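Enquirer: coords please:
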Amino acid sequence: QVQLVESGGGLVQAGSSLKLSCAASGDTDSDYYWGWFRQAPGKGREFVALISHGGAGINYSDSMKGRFTISRDGAKNTVYLQLYSLKPEDTAVYYCAADPDIVRIRTTPAYWGQGTQVTVSS
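Expert: Residues are numbered from 1 along each chain as shown. You can find the predicted model right below:
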């Protein structure tokens with residue numbers, strides 16, 4: 001099993017950048033895929049990005065490609081999501097996730113963090 005704890009959220013102005021972190025503990029040596037999702041007020045949870053265990057495989061949601069960057073530091077067991085040029089519509093709770101299956105990591109990951117709130121003011 002894997003435990004995930006997100007941090008780095010906050011209140012920022014439109015156009016700002018923010019870096020979210022997801023610290024993993026537990027069975028972190030296994031070959032998991034790591035992902036980020038977000039849930040805006042009144043909306044469903046949506047896929048943002050994923051990265052493979054070794055970091056070579058990366059995939060983004062088409063709508064967020066170019067403004068968000070996912071990365072992983074294996075030595076620290078931490079996955080990051082760098083957010084650039086933030087817009088008010090990026091306001092959401094951002095969740096970290098993990099799953100050993102590349103299909104499930106985009107849809108129904110087995111492990112979730114508790115989420116970190118990002119609020120972008122106009």
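Enquirer: List the buried residues in stretch 11-20.
Expert: 12, 18, 20 (16 or more other Cβ atoms under 10 Å). Using the backbone N, CA and C atoms, a C-beta is placed for each residue, glycine as well.
Enquirer: got those as a markdown table, with secondary structure columns?
Expert: Output for the buried residues of stretch 11-20, formatted as a markdown table (DSSP: H, G, I helix; E, B strand; the rest coil):
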| residue | secondary structure |
| --- | --- |
| Val12 | strand |
| Leu18 | strand |
| Leu20 | strand |
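Enquirer: Between the residues you listed, which sits nearest Ile58?
Expert: Leu20 (15.7 Å; Cβ to Cβ).
Enquirer: does that closest one really touch Gly10, like I thought?
Expert: No. Here Leu20 does not reach Gly10: they are 9.7 Å apart, not a contact under Cβ atoms under 8 Å.
Enquirer: Identify the contacts common to the two.
Expert: Val118 (Cβ atoms under 8 Å, 6 or more residues apart in numbering).
Enquirer: Just grab the bridge partners of the residue most central in space within the chain for me.
Expert: The centroid of the chain falls nearest to Trp36 when counting by Cα atoms, centre = their mean (2.4 Å). Beta bridges link Trp36 to Ala49, Cys96, judged by DSSP bridges.
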